[in-house]
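> Here's my sequence, what's the structure:
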Amino acid sequence: MYMYLPFLIGAGIVFSTLAGKQKLAYLLWFADLVIILAWLRFHATDALLLSF
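Coordinates of the predicted model:
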C-alpha cells in the first residue's frame, strides 16, 4: 500500500484546478475519495496484532 497516494492525487487535484481542468479535478477527487474509503475499510476491519 502506498500511503502517499492520496496526497499525490490531492496535488494533482490542486494543479488541475489551477490549470482550469475542472472535469479532471472532479475525476481525481472522486478517485481519491474511493481510495481513502477503501483503505479506511481495509484498516478499520483489520485485527490489531498487539504484543505486550
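> Report the buried residues of the longest helix seen in the chain.
Across the chain, the longest stretch assigned as helix under DSSP state H is helix 22-44. Neighbour counts using 16 or more other C-beta atoms under 10 Å place A25, L28, W29, D32 of helix 22-44 among the buried residues. Yep, even glycine has a C-beta here, placed from its N, CA and C like the rest.
> tell me the contacts of the third one?
By that I understand W29. For W29, the contacting residues are I13, by C-beta atoms under 8 Å, 6 or more residues apart in numbering.
> pLDDT score for it?
As predicted, W29 sits at a pLDDT of 97.
> do you know how far it is from F52?
Here W29 is placed at a distance of 41 Å from F52 (C-beta to C-beta, to the nearest Å).
> ditto for the first one
Relative to F52, A25 is positioned 46 Å away (C-beta to C-beta).
> ok, and I9, which helix or strand is that part of?
Assigned by DSSP states H and E, I9 falls within helix 5-18.
> in the protein, which ranges drop under the pLDDT threshold?
The chain contains residues with pLDDT under 70 at 1.
> how about a cut-off of 80?
The model of the chain has pLDDT under 80 over residues 1, 46-48.
> Mind listing what's buried along the helix holding I9?
Buried-residue list, helix 5-18, by 16+ other C-beta under 10 Å: I9, G12, I13, S16.
> Turn the residues you listed into TSV, including distance to A47.
Output for the buried residues of helix 5-18, formatted as TSV (distance: C-beta to C-beta, whole Å):
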residue	distance to A47
I9	28
G12	33
I13	33
S16	38
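> so which of those residues would you say is closest to D46?
Using C-beta to C-beta, I9 comes nearest to D46 of the buried residues of helix 5-18, at 22.6 Å.
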